[in-house]
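Novice: Got a predicted structure here, sequence first:
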Amino acid sequence: MGNRSSAPAAGESSAEEGSGMFLSPELQAKINADFDSHVLRTEWDRYRTLHLQRHQQREANSAVRHAEVQQQTEQLRSQAKMVHDKLDEMVDAAKSKLVDLEVEVGHDVERLGKKFEGSMPPSAPEGKCLDVRAELAQCYNSLKDSGECEVFARKLDRSIFDNEVDAMFNRYDVDGSGQIDKEEFRAVVKKMKSSSRRREVLSVATATFGSLFVASGSDTFQFAQKKLRSGYLEESAEIAQHELFPTAMLSADIDRAVAKVLAKRGFTPENTLFGHSVCADEVNNRKEQLIPLMLNRWQEGFALGGLAGLPFAGKSGFGAYLHHVPDSGKLLVIFAPHVGIDEVGRIGSLQRDGQAKVSTACGAAIGAYKELQKAKKTAPDPLVVMEQENPREYDPQLKDIINLLAPRLDGIEESADSIAFVTYQMYGIIRELITACITETPDLFDFASEVAVVGGIMINRRKGGDFFQPLSFETNKKGETPKDLFEEAFGSRPDLLPVIGSKAAMTRASLY
């Protein structure tokens, strides 16, 4: 190759005889550099091709989603038109009734006017208040200011009262003497006592009905939430949720499903201590959402969770929780990370009550993911992720989240959505930590006879109620194999491979 030495040294002759050529160090370095460059270029082309393919796939998915939204929008418009047509019919019917009523009132006014003019016989069946009514009608017909007729209105009121008094007196003046004797007075007293007892019964019944209504107020809200939410749901958010959290259920349905299954195993508010490991974010504690509903059902609860839902109470906190259980009682633990979905279907975004600006949810999980991106410990994210700045030096919980999340992000570029991928990985982290708290507590069954654990993902929505994607539900008793209650409570498990992107990532997220 033009690099053979013309005067090889004596010590080099044997080497040349074996290879037939000699490469200078400079040429070898150049060849190595060219080879490395070719490998890098090949890797870059492969990554760029993969990125382009995923971009095209997302575009295609977006087009399909847009078409579905358009179709659903048209359906909602058609339903709205039907509702408006029905309302128009009701309005027309009401107007017709109003016209009939106006005619009837006009007829009555005319009759009263004739009475006032003396054209109607005085023995008309309206009674002795008819003259006063005629005067009042005449006043209203002749004057624009109704205040001028107040004197006639008061006169009519007195007349009606006098009529009622006369009718009541005549009812008890049996002998028609114009006076009430002792026996007639006894009948009056008996009637008063009867009326008093009836009022007492009605008062008690009213109070009972009121208490029942208040007691079932939560159920009423939940029923209305489920039946009426289709009228104000956010179509794009619904589509995104169904795609990425395919078997998510309303919070109230989760609460009832868990309680129904556990009731068969003897769990009651009296013998069960509820514990929860969810993010401290206020959106997870809104009225009528999962944690408040379960706290209301089980009557009290022990908070194990910190940022992102990780059980930062640790084994010491779990031990305290265990030691508070009723004697030979049961533990019920629910754990979950949370994620928001805004009205346009963006995962990790949420418009909070009282705020015009959209913010992140879960802010801690997304913040940890952004920190790992800045440190180049994960592939650049081609998806839109909200910026998250965290300049504070003292942030121990976030540092733990970053350290635990870092080794779990391989394959995120193959997922359907990066924030959904992060959220599922956060579920896996929490599940492993909760499991460690349970299995590494040696005196667990010295205090509790059974431990039930429910795991999933809380989904925060601005409208239509929050949801929960169930992912695990099992119970443990001393000396027995853990019993899986998932399908009994929630039905078939969701197929999450299209969401996560790979079986390896699903295994890391404890999705099995």
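Specialist: Right, received. Where do you want to start? Numbers count the residues shown, from 1 in each chain.

Novice: Over to Val453. Which of the three states is it?
Specialist: With DSSP: H, G, I helix; E, B strand; the rest coil as the basis, Val453 sits in strand.

Novice: okay, it: pLDDT?
Specialist: Listed pLDDT for Val453 reads 97.

Novice: same thing with Arg48?
Specialist: For Arg48, pLDDT reads 75.

Novice: where do the strands sit along this structure?
Specialist: Assigned by DSSP state E, the chain shows strands spanning 249-250, 272-278, 301-303, 329-336, 338-341, 349-351, 358-360, 448-461, 467-476, 483-484.

Novice: Give me the angle between the second one and strand 448-461.
Specialist: Think strand 272-278. Comparing the axes of strand 272-278 and strand 448-461 via axes from the mean of the first three to the mean of the last three C-alpha atoms, to 10 degrees yields an angle of 40 degrees.

Novice: Pairing partners for strand 272-278, with directions?
Specialist: Strands that pair with strand 272-278, judged by DSSP bridges, come out as strand 301-303 (parallel), strand 329-336 (parallel).

Novice: just to revisit the earlier point, just say which of the strands of the chain is most tucked in.
Specialist: strand 338-341 (a mean of 28; mean count of other C-beta atoms under 10 Å). Yep, even glycine has a C-beta here, placed from its N, CA and C like the rest.

Novice: Let me know the average pLDDT across that strand.
Specialist: Averaging pLDDT along strand 338-341 gives 93.

Novice: picking up where we left off before, which one of the strands paired with strand 272-278 lies nearest to Lys478?
Specialist: Of all the strands paired with strand 272-278, it is strand 329-336 that lies closest to Lys478, at 12.2 Å by C-beta to C-beta.

Novice: quick one: contacts of that closest one?
Specialist: The contact list for strand 329-336, computed with C-beta atoms under 8 Å, 6 or more residues apart in numbering, reads 258, 262, 266-267, 271-278, 290-291, 294, 298, 304-305, 309, 311, 321-322, 325, 427, 430-431, 434, 448-458, 468.

Novice: Phi and psi next, for Asp281.
Specialist: Dihedral pair for Asp281: phi -50, psi 140, per degrees, to the nearest 10.

Novice: That one and Ile366 touch, don't they?
Specialist: No. Between Asp281 and Ile366 no contact is recorded; they are 11.8 Å apart, counting by C-beta atoms under 8 Å.

Novice: Redo the strands of the chain as CSV? Include distance to Ser177.
Specialist: As requested, the strands of the chain are arranged in CSV below (distance: least, C-beta to C-beta, whole Å):
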stretch, distance to Ser177
strand 249-250, 72
strand 272-278, 74
strand 301-303, 75
strand 329-336, 77
strand 338-341, 83
strand 349-351, 79
strand 358-360, 84
strand 448-461, 77
strand 467-476, 78
strand 483-484, 86
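
Novice: closest to Arg493 out of those?
Specialist: strand 467-476 (8.2 Å).

Novice: Direction included, what does the closest one pair up with?
Specialist: Assessed with DSSP bridges, strand 467-476 is paired to strand 249-250 (antiparallel), strand 448-461 (antiparallel), strand 483-484 (antiparallel).

Novice: now these in CSV, with distance to Ala504?
Specialist: Below are the strands paired with strand 467-476 laid out as CSV (distance: least, C-beta to C-beta, whole Å):
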stretch, distance to Ala504
strand 249-250, 28
strand 448-461, 20
strand 483-484, 23
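
Novice: which stretch among those strands comes nearest Asp45?
Specialist: strand 448-461 (36.7 Å).

Novice: For the residue lying closest to Glu300 once chain neighbours are set aside, list each beta-bridge partner.
Specialist: Nearest non-adjacent residue to Glu300, counting by C-beta to C-beta, 6 or more residues apart in numbering: Phe274, 6.7 Å away. Bridge pairing for Phe274 (DSSP bridges) gives the partners Gly301, Leu332.

Novice: Use 497 as the first number from now on
Specialist: With 497 as the first residue, the last one maps to Phe770.

Novice: Tell me the confidence at Phe770?
Specialist: Note for Phe770: predicted pLDDT of 96.

Novice: related to what we said a few turns ago, and the strands paired with strand 963-972: which comes nearest Gln571?
Specialist: Comparing the strands paired with strand 963-972 under C-beta to C-beta, the one sitting nearest is strand 944-957, at 20.7 Å.
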